[in-house]
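>>> fold the following for me, if possible:
(one chain, ligands or ions: 1)
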Amino acid sequence: MFSEQKKQIIEYGILLDRYELVSLTCGNLAIRMPTGEILITPTGLMYDQMVEDDVIVMDLDGNIIEGDRKPSSDTPSILYIFKHMPNINGVIHTHQPYATAISLIPGMDEFRVCFTGMANTCCGNVPITPYSSAGSVDMGVDVVNNVGTARAVILSHHGVMTIGPGLKDALYAAVYLEETAKGYLAARACCPDGNMKQMTDEQIDTMVEVFKYYGQGTPVIPTELVDKKK
Ligand SMILES: [Zn+2]
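Alright, predicted model coming up:
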């Protein structure tokens, strides 16, 4: 059942490892099928050793439809997100260290977009939620209550949850959030007072819009959207 999507989950899990967003067996990935079933990674297995049969199929209440493995320990929070966000069909949880490090900076309850790639893929500023326990439903509650129109939330002292209409959107958000966090922290190390150059709200909004024209199968970016200097 759902062989293609199970392959995608495993392939993207390996990508999470390649981009250093997870170590060993941590993190998880989940897809909601158009017919409502939830596909979710098993707990405690290495992504590069996972096979299709290891991916669990369940309903929205957590009743297992297919699979013998124990599902991710974060299943309660993932199901909570799917239940409360009907347009979200892909969820990824990582322990990506640079984005998570930003949650340690006193006074920050939001990671403001500072690179265009973050605006493109996270669709705006990323909220930083107060601490919640791993394995709790609270992680999902924090995502639903704080994410707004963004596609990522930083969980203090823990990791990141990314969401999207599909799993690919959640993957892009996680990868580019980490790339931006690396750049931000490097710049911040050079600006001990935390006073750094910022993108304007208009620049951020434009970059969110521009990504709708990215990739194959979309129209060319309208010049009036991006050309401001002639
Ligand atoms: Zn975790």
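>>> what comes up buried for the longest helix belonging to the chain?
Scanning the chain for the longest helix, with DSSP state H as the assignment, gives helix 167-189. Buried positions in helix 167-189, judged by neighbour count with 16 or more other Cβ atoms under 10 Å: 167, 169-182, 184, 188. Any C-beta I mention is one placed from the backbone N, CA and C, and that applies to glycine too.
>>> what is the helix or strand just after it packed up against?
Downstream of helix 167-189, the first helix or strand assigned by DSSP states H and E is helix 201-210. Secondary-structure packing of helix 201-210 (3 or more Cβ pairs under 8 Å, 6 or more residues apart in numbering; DSSP states H and E): helix 116-122, helix 223-226.
>>> list the buried ones in helix 201-210?
Residues of helix 201-210 classed as buried: 204, 206, 207, 208, 209, 210 (neighbour count, 16+ other Cβ under 10 Å).
>>> sec struct for the residue most central in space within the chain, please.
Nearest to the geometric centre of the chain sits residue 162, at 1.8 Å (Cα atoms, centre = their mean). Under the three-state scheme (DSSP: H, G, I helix; E, B strand; the rest coil), residue 162 adopts strand.
>>> please enumerate the helices of the chain.
3-18, 75-84, 97-102, 116-122, 138-146, 167-189, 201-210, 223-226.
>>> can you list contacts of the first one?
What that stands for is helix 3-18. Applying Cβ atoms under 8 Å, 6 or more residues apart in numbering, the external contacts of helix 3-18 come out as 22-23, 27, 29-31, 33, 39, 41, 47-48, 50-52, 55, 92, 94, 167-168, 171, 174-175.
>>> near the ion, from those residues?
Filtering these for proximity to the ion by Cβ under 5 Å from the ion leaves nothing.
>>> just the buried ones from those?
Buried among those by 16+ other Cβ under 10 Å: 22, 27, 29-31, 39, 41, 47, 50, 55, 92, 94, 167, 171, 174-175.
>>> spatially nearest residue to residue 141 (excluding sequence neighbours)?
Closest residue to residue 141 apart from its sequence neighbours, by Cβ to Cβ, 6 or more residues apart in numbering: residue 80 at 6.3 Å.
>>> I'd say that neighbour and residue 144 touch.
Yes: with contact defined as Cβ atoms under 8 Å, residue 80 reaches residue 144; the gap is 6.7 Å.
>>> between those two, who's got more neighbours?
Higher neighbour count among residue 80 and residue 144: residue 80, with 20 against 16, using other Cβ atoms under 10 Å.
>>> and that one, what pLDDT?
At residue 80, the model reports a pLDDT of 98.
>>> show me the contacts for it.
Residue 80 touches 137, 140, 141, 144, counting by Cβ under 8 Å, 6+ apart.
>>> please redo it, this time with the cut-off set to 10 Å
If you count contacts by Cβ atoms under 10 Å, 6 or more residues apart in numbering, residue 80 has them with 60, 136, 137, 138, 139, 140, 141, 142, 143, 144.
>>> only the buried subset of these, as a ChimeraX command please.
This is how ChimeraX selects the buried members of the contacts of residue 80, with burial counted by 16+ other Cβ under 10 Å:
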select :137,138,139,140,141,142,143,144
